[in-house]
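Engineer: Starting from these lines, generate the structure:
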Amino acid sequence: MNSSRIRFGYSALLALALASQPGFAAAESKAALPLPAMHSQSKPSSSTPESAQPAPTPGQPAKAAKATATFEIGPDAFLLNGQPFVIRIGEIHSARVPREYWKHRLQMAKAMGLNAVCAYLFWNQIEPREGEFDWSGMADIAEFCRLAQAEGLWVVLRPGPYACAEWEMGGLPWWLLKQEDIQLRTSDPRFIAATRRYLMEVGRQLAPLQITRGGPILMVQAENEYGFFGKDA
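Structural biologist: All right, here's what the predicted structure looks like:
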């Protein structure tokens, strides 16, 4: 089968798969997928998120809280509570930092003048065996997001499915290769089915931590560096 035909439409399918997950909402975009503003009561603009929610049992989905802020894309800028907002963001790969140091690293980011952090998810860490998800230990990204919120930092979530980040297979799980002719990062139905299942689980765990539900997650980025690989971006 012609690989260029297979790749056509992958980025659109991925965006639709992510946007369709429970609780996740996406604006029309080919890169980061901003969450639309909620029509909640207005309040003075703040550059930091509200206090974090109490931590649930590790591996259990986060619980939504009442939205206390709005975030949207304006004509010329991002808007937080209706006011122009400059995102000063840095990368912290929680999977590479011992969990005991997460709070310290987030405090260091805040001390540098950042108001947000990017949070990668590595699929092969979260679903090491097909159909078996593990959000414990250093894979507890919900807890990382709650800690970021407690330190006054917003979060841009980057769940992949391909993350790159100099991580093994860019985060894609090894078991995908048990199907020798599977074409990764394409609209191959087998890859899309596995990706959809993974993103369903991401949505179940993290949708309650969106800004529209009282959490720190401002945006969700689908895929990563796809323009170097695909033809439909």
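Engineer: where does the residue nearest the centre of the chain fall, phi/psi-wise?
Structural biologist: For the chain, the residue nearest the mean C-alpha position is L157 (2.5 Å; CA atoms, centre = their mean). Torsion angles at L157 (phi, psi; degrees, to the nearest 10) stand at phi -90, psi 130.
Engineer: That one against A142, yeah?
Structural biologist: No: L157 is beyond contact range of A142, at 10.5 Å (criterion: CB atoms under 8 Å). (C-beta placed from N, C-alpha, C; glycine too.)
Engineer: which residues do these two both contact?
Structural biologist: Common contacts of L157 and A142 (CB atoms under 8 Å, 6 or more residues apart in numbering): L206.
Engineer: Could you pull out the strands in this structure for me?
Structural biologist: 32-34, 71-73, 78-80, 83-85, 89-91, 116-120, 154-160, 217-222 (DSSP state E).
Engineer: Mind checking those strands for the one nearest to V202?
Structural biologist: Nearest to V202 among those is strand 154-160 (4.9 Å), distances taken as CB to CB.
Engineer: Next, the angle strand 217-222 makes with that closest one.
Structural biologist: With axes from the mean of the first three to the mean of the last three CA atoms, to 10 degrees applied, the angle from strand 154-160 to strand 217-222 works out at 20 degrees.
Engineer: which other helices and strands contact strand 154-160?
Structural biologist: Packing contacts for strand 154-160, counted by 3 or more CB pairs under 8 Å, 6 or more residues apart in numbering; DSSP states H and E, involve strand 116-120, helix 141-150, helix 189-206, strand 217-222.
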